[in-house]
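Peer 1: when you get a sec, could you give me coordinates for this:
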Amino acid sequence: MMQLLEWSPLVVFFLVFKLFDIYWATGALMIACVLLMIAHRSVVGRFKPMHVITVAVLLVLGSATLVLHDKRFIQWKPTVLLALTAAAFLGSNLVGKQPLAQRMLEGIFEEPLSISRHAWALINLAWVGWFALLAVANIYVARNFPDNVWVNFKVFGISAAMLVFMIPQVVWLHGKTKPMPSSAAPP
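Peer 2: Residues are numbered from 1 along each chain as shown. Alright, predicted model coming up:
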């Protein structure tokens with residue numbers, strides 16, 4: 001249920017854009033993201049850091065879009081968030097016990113993974129490059145294509161690109177799982 005809730009702001013943005021325009025969609029996205037953040041807090045008991053960062057960036061850039069009636073500000077939102085994510089992944093190679101890619105991908109598996117620290121660092125750097133590439137691609141599409149193409153890229157293209165990038169890693173990592181040691185002998 002929470003996973004469906006996570007996608008709801010994108011769905012709201014897309015539908016309102018199709019029915020009205022980029023400015024109505026921006027306002028609807030701002031409201032949907034704040035509501036998502038509050039809903040997550042009420043269910044889990046704490047704010048999700050990514051929600052807080054997203055809402056902060058969105059409220060600044062969304063407000064600028066609406067007040068100045070300039071769509072370029074909202075078009076920068078994915079780029080800013082993707083660049084911040086790339087920076088967080090890069091910083092995690094230097095700070096902390098595990099790179100972010102390791103924390104994220106190990107959570108998918110129940111069994112421990114047999115991956116060296118160096119391999120995790122390389123996977124993490126691949127994520128840094130991927131997020132940076134998507135950040136640049138977002139601005140390229142926003143500047144060089146009509147709004148409807150950019151909205152489709154933002155809603156579907158970035159999401160699909162993330163899956164295309166992640167699935168081969170998950171398949172490869174699946175082959176690196178170590179079986180769990182068997183528990184005590186039956187009575």
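Peer 1: from here on, contacts and neighbour counts on C-alpha atoms
Peer 2: Noted.
Peer 1: host element of V141?
Peer 2: helix 117-144 (DSSP states H and E).
Peer 1: same for that helix, what does it pack against?
Peer 2: helix 72-92, helix 100-106, helix 147-152 (3 or more CA pairs under 8 Å, 6 or more residues apart in numbering; DSSP states H and E).
Peer 1: next, the buried residues of that helix.
Peer 2: 120-121, 123-132, 134-139, 141-142 (16 or more other CA atoms under 10 Å).
Peer 1: circling back: what would the helices and strands packed on helix 117-144 look like in TSV with mean pLDDT and distance to T54?
Peer 2: Converted to TSV, those look like this (pLDDT from 0 to 100; distance: least, CA to CA, whole Å):
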stretch	mean pLDDT	distance to T54
helix 72-92	96	7
helix 100-106	88	18
helix 147-152	97	17
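Peer 1: of all those helices, which one is nearest S114?
Peer 2: helix 100-106 (10.4 Å; CA to CA).
Peer 1: how about the closest one: buried residues?
Peer 2: L100, A101, Q102, E106.
Peer 1: I115 is in contact with the last one, correct?
Peer 2: No - assessed by CA atoms under 8 Å, E106 is found out of contact with I115, at 10.2 Å.
Peer 1: can you list the buried residues in the helix or strand encompassing V55?
Peer 2: For V55, the host element (DSSP H and E) is helix 49-68. Of the residues in helix 49-68, H51, T54, V55, V57, L58, L59, L61, G62, S63, A64, T65, L66 count as buried by neighbour count, 16+ other CA under 10 Å.
Peer 1: what's in contact with it?
Peer 2: 23, 26-27, 30, 33-34, 36-37, 70-74, 76-77, 80-81 (CA atoms under 8 Å, 6 or more residues apart in numbering).
Peer 1: and those, which are buried?
Peer 2: In those, the ones that pass as buried (16+ other CA under 10 Å) are 23, 26-27, 30, 33-34, 36-37, 70-71, 73-74, 76-77, 80-81.
Peer 1: closest to G91 among these?
Peer 2: Once CA to CA is applied, the member of the buried ones among the contacts of helix 49-68 that ends up nearest G91 is L81, at 15.1 Å.
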